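Colleague: For reference, the sequence and a predicted model appear below.
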Amino acid sequence: MRDKTQTNSAAPGDRLIRAGAIVFFAGAVATLVTVAPLFLGTTPLPTYMFALSMLMGVGFLIAGAGVLRSVAAGRRQARGDAR
């Protein structure tokens, strides 16, 4: 019996997970850039750089929403009323 799902097909939450990962890593880089002057003893960066560090949390929430959407689609498919 052949599997109906192709290996390269995207599940409903895949794009959200990828976007969340990109935003998370952008926030991680911003965090490293923001914290580095504190360890190096140089002058701290402007306040908006600390706000960019919040992208880590935003990315985590976006990826979490993608996981929840994927789970919901899997449950719908398992029940048989896929849309």
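Modeller: Yep, that arrived. Residues are numbered from 1 along each chain as shown.
Colleague: mind listing what residue 45 touches?
Modeller: By Cβ atoms under 8 Å, 6 or more residues apart in numbering, the contact set of residue 45 is 33, 34, 37. C-betas here are computed from N, CA, C, even on glycine.
Colleague: other SSEs contacting the helix or strand where the second one lies?
Modeller: This points to residue 34. According to DSSP states H and E, residue 34 maps onto helix 14-40. If contacts are counted by 3 or more Cβ pairs under 8 Å, 6 or more residues apart in numbering; DSSP states H and E, helix 14-40 sits against helix 47-52, helix 55-79.
Colleague: Please pull out the lowest mean pLDDT helix or strand from the protein.
Modeller: Ranked by mean pLDDT, DSSP states H and E, the weakest helix or strand in the chain is helix 47-52, scoring a mean of 86.
Colleague: Tell me the spacing between the residue nearest the centre of the chain and residue 64.
Modeller: Nearest to the mean C-alpha position of the chain, by Cα atoms, centre = their mean, lies residue 20 at 1.8 Å. Distance, residue 20 to residue 64, by Cβ to Cβ, to the nearest Å: 7 Å.
Colleague: quick one: contacts for residue 74?
Modeller: For residue 74, the contacting residues are residue 11, by Cβ under 8 Å, 6+ apart.
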